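J.: Sequence and computational prediction follow.
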Amino acid sequence: MNQCMVQANLFGKNILNKMIKFLDIYNQDKKYHNLILRDLKNFFKKGDFILGSEVEKFEKNFALICNSKYSIGCANGTDALTIALKSLNLKKNSEVIIPAMTYCSTAFSVLNANLKPILVDTDYLSPTININDLKKKITQKTKVIMPVHLYGSVVNINEIKKIIKNSKIFIIDDCAQAHGAKSDIGKKVGSLADISTFSLYPGKNLGAYGDAGIITTNDKNLYKKIRKIRNLGAEKKFIHEEVGMNSRLDTMQALILNYKLKDLLRLNQSRRKIASKYDKHLSNKKIIKIKHSKYSVYHQYVIIVKERQKFINFLKKNKIQYGFHYPYAIHQLDIFKKKFGKEKFKNSEMLAKYGISIPINPLLTNKEVSYIIRKLNSF
Ligand SMILES: Cc1ncc(COP(=O)(O)O)c(C=O)c1O
């Protein structure tokens, strides 16, 4: 046996004894655990449980990383979308264009705001909305276009702006999967649209230890309105000027997020590095890669595999965790089947049927990434 073979064998043996994790939040944040616990004790003493300085600090710092003037914390990413839509005061059943492949929340928020969702397919082998199809779906009733930077890949918002020109159509981008990403010309996500919304769900590129969300905007009036809506319509206690929601960002989550925000860009960089290795070295003809924008932050790395069930069994056997994002397009969800019944969105349907997310955990070691590549190429 030569040296190379010995190493390969050892490597194979080591790795096979250990599950390759899809995400590892515990180890990712370990260095902050004691600091967070210390701060929480002080927080319990202080008793400043609602909003307060930790929320303000997080809002300020998050606005900075988005290059946005204002940011408003809220309870989760679904509420962030709903609040953003409500802040526009639109007539009931105004049309909101969304992609057919996204998480259910994008569509639910439209209904929660008493508006009408209109679906548009994604681009071929791409996670983001097809701009030509979008153009065809714009009507007199269209009041909002709500693209989603799915898997961290950034939609060309400038192109959408060119299409809508001076018509009074708002753009709200769903940035739940794109914290820290940039457009192809280097503008930061969170500063591209009229309003941008983020989920801070634990598994996101920036995630809390529970539900949380945040909204950014450069418009002062929208900022003031959104602040009120998330706080039962009140800026001042008991002065309720709007029908609002109770959707404040939890103060303990803000405290945790203030630590975690420090690592966002570094962890994104690690995701991008892993993705570029997959891009370069995955060479199995049975695996089709999908296109991401230039500065994607790879919330997910999704591949298309026609023999998906066989591939899943193969991943299980080789102890590689996986996920689906998402197994149904919006029109395929039971709750929406009636609404969108006969419409077809073939690119989104392909992602739902054959898409499979492989680990893009930023803590993956070079060895683990090589192992995944080697295994996948042998499928
Ligand atoms: C694209 C997208 N939009 C909206 C949401 C909703 O966010 P949350 O789960 O925080 O309500 C998510 C997250 O799950 C998402 O991925």
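T.: Good, I have the coordinates. Numbering: from 1, shown residues only.

J.: In the protein, what residue spans correspond to strands?
T.: In the chain, the strands defined using DSSP state E lie at 70-74, 95-99, 116-120, 142-145, 170-174, 195-199, 213-217, 234-236, 239-240, 287-289, 301-305, 355-358.

J.: Report all helices and strands that the fourth one contacts.
T.: Contact partners of strand 142-145 among helices and strands, from 3 or more Cβ pairs under 8 Å, 6 or more residues apart in numbering; DSSP states H and E: strand 95-99, strand 170-174. C-betas here are computed from N, CA, C, even on glycine.

J.: List of residues touching the first one?
T.: Same thing as strand 95-99. Outside of strand 95-99, the residues within contact range by Cβ atoms under 8 Å, 6 or more residues apart in numbering are 85, 106-107, 110, 115-122, 128-129, 134, 137-139, 141-148, 150, 330, 348.

J.: try stretch 309-324
T.: Residues from elsewhere that reach stretch 309-324, judged by Cβ under 8 Å, 6+ apart: 15-16, 18-22, 286, 300, 305, 355-359, 372, 375, 379.

J.: residues touching residue 127, list them.
T.: Taking Cβ under 8 Å, 6+ apart, one finds 101, 150, 151, 153, 290, 292, 302, 351 in contact with residue 127.

J.: Name the nearest residue to whatever residue of the stretch 51-200 of the chain ends up closest to the ligand, sequence neighbours excluded.
T.: With Cβ to the nearest ligand atom as the measure, residue 77 is the residue of the stretch 51-200 of the chain nearest to the ligand, at 2.4 Å. Here the nearest residue to residue 77 in space, its sequence neighbours aside, is residue 199; by Cβ to Cβ, 6 or more residues apart in numbering that works out to 2.4 Å.

J.: what does residue 275 give?
T.: residue 298 (4.4 Å).

J.: That neighbour: neighbour count?
T.: The number of residues packed near residue 298 is 25, by other Cβ atoms under 10 Å.

J.: so where's the stretch 1-150 of the chain shaky on pLDDT?
T.: Of all residues in the stretch 1-150 of the chain, those with pLDDT under 70 make up the ranges 1-17.

J.: returning to that earlier point: quick check on the contacts of strand 95-99: which are buried?
T.: Neighbour counting by 16 or more other Cβ atoms under 10 Å classes 85, 106-107, 110, 115-122, 128-129, 134, 138, 142-148, 150, 330, 348 among the contacts of strand 95-99 as buried.

J.: Now narrow the residues you listed to whatever sits close to the ligand.
T.: 106, 148 (Cβ under 6 Å from any ligand atom).

J.: tally of neighbours for residue 171?
T.: The number of residues packed around residue 171, counting by other Cβ under 10 Å, is 19.

J.: If you could redo that for residue 368, that was the one I meant.
T.: Here the number of neighbours of residue 368 (other Cβ under 10 Å) works out to 18.

J.: Look up how far residue 23 lies from it.
T.: Note on residue 368: its distance to residue 23, by Cβ to Cβ, to the nearest Å, is 13 Å.

J.: Name the residues contacting each of these two.
T.: For the pair residue 368 and residue 23, residues contacting each of them under the criterion Cβ under 8 Å, 6+ apart are residue 359.

J.: Would you confirm that residue 104 contacts residue 334?
T.: No: here residue 104 lies out of contact with residue 334, judged by Cβ atoms under 8 Å, at a distance of 10.7 Å.

J.: Give me the distance from stretch 197-214 to the chain's centre.
T.: From the chain centre to the centre of stretch 197-214 is a distance of 9 Å (Cα atoms, centre = their mean, to the nearest Å).

J.: ends of it, how far apart?
T.: Its start and end residues considered, stretch 197-214 measures 6 Å (Cα to Cα, to the nearest Å).

J.: Same question for stretch 274-292.
T.: Start-to-end span of stretch 274-292 (Cα to Cα) is 14 Å.

J.: Residues of this protein that sit close to the ligand?
T.: Those residues of the chain that sit near the ligand, judged by Cβ under 6 Å from any ligand atom, are 76-78, 102-103, 105-106, 148, 174, 176-177, 199, 201, 211, 213.

J.: hmm, 5 Å instead?
T.: Contact residues (Cβ under 5 Å from any ligand atom) of the chain with the ligand: 76, 77, 78, 103, 105, 148, 174, 176, 199, 201.

J.: tell me the contacts of the second one?
T.: I take that to be residue 77. Shown here is residue 77, whose contacts under the criterion Cβ under 8 Å, 6+ apart are 105, 174, 176, 197, 198, 199, 200, 201, 213.

J.: Got the domain ranges for this structure?
T.: Partitioning the chain according to automatic domain parsing yields domains covering residues 3-28+263-377, 32-262.

J.: Out of these, which is the most enclosed?
T.: Neighbour counts averaged per stretch over the domains of the chain are highest for domain 32-262, at a mean of 20; criterion: mean count of other Cβ atoms under 10 Å.

J.: do you know how far residue 254 is from residue 21?
T.: Relative to residue 21, residue 254 is positioned 27 Å away (criterion: Cβ to Cβ).

J.: oh sorry, the question was meant for residue 59
T.: Taking Cβ to Cβ as the criterion, residue 59 is separated from residue 21 by 31 Å.

J.: hmm, back to that, next, give me the two most distant ones among the contacts of residue 127.
T.: Across these, no pair lies farther apart than 101 and 292, at 14.3 Å, counting by Cβ to Cβ.

J.: check contacts around the nearest residue to residue 185 once chain neighbours are set aside.
T.: The spatial neighbour of residue 185 that comes closest, neighbours along the chain excluded (Cβ to Cβ, 6+ apart), is residue 158 at 7.5 Å. For residue 158, the contact set (Cβ under 8 Å, 6+ apart) comprises 183, 185, 192.
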